[in-house]
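Novice: Would you be able to build a 3D model of this:
(one chain, ligands or ions: 1)
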Amino acid sequence: MSDLVPLRRALISVSDKTGLADLGQALAARGVELLSTGGTAQALREAGCDVTDVAEVTGLPEMMGGRVKTLHPAIHGGLLALREDPAHLQAMESHGIAPIDLLVVNLYPFEATVAAGADDADAIEQIDIGGPAMIRAAAKNYAHVAAVVDVEDYAALLAELDAQDGATSLAFRRALALTAFGRTAAYDAAVSGWMAETLGVFAPRRRVVGGRLAQELRYGENPHQRAAFYAETHPAPGVASASQLQGKALSYNNINDTDAAFALASEFPPGDGAACVIVKHANPCGAARGASALEAYQRARDCDPVSAFGGIVALNVPLDARTAEAILELFTEVVIAPGVDDEAQTLFAQKPNVRLLIAPGMADPAAPSLAVRQVAGGWLVQDADTRLVAPGDLKTVTARAPSEAEMRDMLFAWAVAKHVKSNAIVYAKGGATVGIGAGQMSRVDSARIAAEKARAMAEGLGLAEPPTVGAAVASDAFFPFADGIEALAAAGATAVIQPGGSMRDAEVIAAAEAHGLAMVFTGERHFRH
Ligand SMILES: NC(=O)c1ncn([C@@H]2O[C@H](COP(=O)(O)O)[C@@H](O)[C@H]2O)c1NC=O
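Specialist: Numbers count the residues shown, from 1 in each chain. The predicted structure follows:
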């Protein structure tokens, strides 16, 4: 038997009517009989197509506000019947069921309805039942039926019909079936995720995460790993929702690093002034506030200009020409900002390989979301880390309270430390990081590495003293021993912000007192692994 199925009869039932008129006309011109549900049939008729109402096929009207339209053996039999099976053919004949060779369905916009903040009743009415049932039936029966679930596949369908003389091939139908099952799975993932959220159930028995292919990537973290990027249906501002204005295709590592850079830049509300973050290997190598985007960039870069080479730059304000010029002086992989002016864009166009992403605004760092990560054989799910202490939450534990300037720098360093892999130590001065120790297995090593990098940088630039002198320091988790404090004091730091809670807090506080450091406890930590 040939695997070509001539297309004679199609059922079209779509919520998103984009491209419907053209599709209907193209199918009608090929002599395909069209069956359709209420709104779709009306739109097709308005486009001049002859349409048979599904109600005529089922012998029953659409009812219950559309909850029941296509849920009928005359439809599902037509989609599911095995055309070469005598029993199926017999059933079709005795019940007056005709085969359906093509199903075109897109579903009620449940995801968009929920994203728009609909109440429960509206959201529930937007849970499509008949659509997924038909999609699953047609996709299961891909041996005989083509199931199209995305408007973007209409052109491919028509091209296939042209190529196959009005038929569809098995390979084509099978590829459509894969997309179709992915669609219904992602749809149900959205429904079950919404239910868990609205019912306040953090750990439902089954947790499903859906996504739509945003980009196939050249490779993963390494060239021998395959990779792809999947986006949520309504992604929050960030790398998934940003538009790329220019540059080479994003790589796996670019996406991961851009995500990290943008998340930290989003900690600094644009209303409080410009801020810039530079990320390498998922860790910030510099972050700063500035009177302008340019100043913020320069100060972030100067924290560790060596590491900033080949970095990812995120701004919390639109990119202007002066900042663009400065960024382009150094080899930069990606720049992401909530806007760009024409002059800056023209400057970037001269370096066409640099990736420029424009995000639709900054992210809300306090917006609750789930963080999911894979381990061998399973998934870890947790709340995203949305917390950040306010000055009123801090407890001063040394005799000397921090000065206003120290307090500002401590809070800045604390926000940065939240985005640095543990063990994280961040030195900050005047609203800019001046030393970052990341990802060490011991906290004292992070403290020493950050100070040593700052010292070497100061020496290279011929500065009189390292910028850690007079800096405030954030530690993402408590100091287990006094040695970490000794390292900070040796680097000239004057103030420390840390969670507290070590069994040796008394020793740690005593070390801070001995070196005249002001220290505050946050009472909460920011591990990041
Ligand atoms: N209930 C049913 O039997 C049913 N059959 C198809 N639908 C959906 O109805 C929508 C199209 O409706 P209309 O043609 O009336 O605009 C499609 O998104 C389709 O997935 C149904 N609606 C919801 O379940």
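
Novice: Could you give me the buried positions within the helix or strand of the chain with the lowest mean pLDDT?
Specialist: The least trusted helix or strand in the chain, going by mean pLDDT, DSSP states H and E, turns out to be helix 443-460, with a mean of 92. By neighbour count on 16 or more other CB atoms under 10 Å, the buried set for helix 443-460 is 443-455, 457-458. C-betas here are computed from N, CA, C, even on glycine.

Novice: which of those residues lies closest to Ala471?
Specialist: Comparing the buried residues of helix 443-460 against Ala471 with CB to CB places Ala454 closest, at 8.3 Å.

Novice: Just the element for the residue in the stretch 151-300 of the chain that the ligand sits nearest to, please.
Specialist: In the stretch 151-300 of the chain, the residue that lies nearest the ligand is Tyr187 (10.0 Å; CB to the nearest ligand atom). Using DSSP states H and E, Tyr187 maps to helix 170-199.

Novice: which helices and strands does that helix pack with?
Specialist: Where contact means 3 or more CB pairs under 8 Å, 6 or more residues apart in numbering; DSSP states H and E, helix 170-199 is packed against helix 110-115, helix 120-125, helix 130-140, strand 146-148.

Novice: 6 Å - rerun?
Specialist: Contacts defined by 3 or more CB pairs under 6 Å, 6 or more residues apart in numbering; DSSP states H and E place helix 170-199 against helix 130-140, strand 146-148.

Novice: Verify the stated contact: Asp304 with Cys285.
Specialist: Yes: the pair Asp304 and Cys285 qualifies as a contact (CB atoms under 6 Å) at a distance of 4.4 Å.

Novice: Quick one, grab the pLDDT at Met1.
Specialist: We have a pLDDT of 50 for Met1.

Novice: Excluding chain neighbours, give the residue nearest to Leu347 in space.
Specialist: Ala324 (4.5 Å; CB to CB, 6 or more residues apart in numbering).

Novice: now the one you found: how far from Ala337?
Specialist: Ala324 sits at a distance of 10 Å from Ala337 (criterion: CB to CB, to the nearest Å).

Novice: Over to Ser243?
Specialist: For Ser243, the distance to Ala337 - CB to CB - is 12 Å.

Novice: Need the phi and psi values for the residue sitting furthest away from the middle of the chain.
Specialist: In the chain, Ser94 marks the outermost C-alpha relative to the chain mean, sitting 51.7 Å out by CA atoms, centre = their mean. Dihedral pair for Ser94: phi -70, psi -20, per degrees, to the nearest 10.

Novice: What parts of this structure come near the ligand?
Specialist: Contact residues (CB under 6 Å from any ligand atom) of the chain with the ligand: 13-15, 37-40, 66-71, 105-108, 128-131.

Novice: switch the cut-off to 8 Å
Specialist: 13-17, 36-43, 54, 62, 66-71, 105-108, 127-135 (CB under 8 Å from any ligand atom).

Novice: Pop the domain breakdown of this structure in here.
Specialist: 5-199, 238-358, 392-521 (automatic domain parsing).

Novice: So what's the residue count around Thr179?
Specialist: 17 (other CB atoms under 10 Å).

Novice: Tell me which stretches of the stretch 351-500 of the chain form strands.
Specialist: Counting by DSSP state E, counting those that start in this stretch, the stretch 351-500 of the chain has strands at residues 355-358, 370-375, 378-383, 395-396, 425-429, 432-437, 472-475, 495-498.

Novice: er, the stretch 151-300 of the chain I mean
Specialist: Using DSSP E, counting those that start in this stretch, strands in the stretch 151-300 of the chain cover 167-168, 212-217, 227-231, 243-246, 274-280, 283-290.

Novice: of all those strands, which lies closest to Phe309?
Specialist: Minimum separation from Phe309 across the strands of the stretch 151-300 of the chain (CB to CB) falls at strand 274-280, 8.5 Å.

Novice: okay if I get the helices and strands packed on helix 170-199 as CSV plus mean neighbour count and mean pLDDT?
Specialist: Listed next are the helices and strands packed on helix 170-199 as CSV, based on neighbours: other CB atoms under 10 Å; pLDDT from 0 to 100:
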stretch, mean neighbour count, mean pLDDT
helix 130-140, 23, 98
strand 146-148, 27, 98
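
Novice: Could you save these as JSON lines and add columns showing distance to Gly166?
Specialist: As requested, the helices and strands packed on helix 170-199 are exported to JSON lines (distance: least, CB to CB, whole Å):
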{"stretch": "helix 130-140", "distance to Gly166": "19"}
{"stretch": "strand 146-148", "distance to Gly166": "12"}
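
Novice: Mind checking those for the one nearest to His419?
Specialist: For His419, the closest of these is helix 130-140, at 39.5 Å, according to CB to CB.

Novice: Go ahead and name everything in contact with that closest one.
Specialist: Helix 130-140 is contacted by residues 69-71, 76, 79-80, 103, 105, 107, 145, 147, 149, 177, 180-181, 184 when judged by CB atoms under 6 Å, 6 or more residues apart in numbering.

Novice: one more time with 8 Å
Specialist: The contact list for helix 130-140 (CB atoms under 8 Å, 6 or more residues apart in numbering) reads 11, 13, 15, 67-71, 75-76, 79-80, 100, 103, 105-108, 145-147, 149, 176-177, 180-181, 183-184, 187-188.

Novice: I'd like to know which of those residues are buried.
Specialist: For the contacts of helix 130-140, buried by 16+ other CB under 10 Å: 11, 13, 15, 69-70, 75-76, 79-80, 100, 103, 105-108, 145-147, 149, 176-177, 180-181, 183-184, 187.

Novice: hmm, back to that, now do the same for the residue nearest to Leu347: its pLDDT.
Specialist: Per-residue pLDDT puts Ala324 at 98.

Novice: That one against Ala344, yeah?
Specialist: Yes: using CB atoms under 8 Å, Ala324 is in contact with Ala344, at 3.8 Å.

Novice: Now list whatever residues contact both of Asp304 and Cys285.
Specialist: Ile436.
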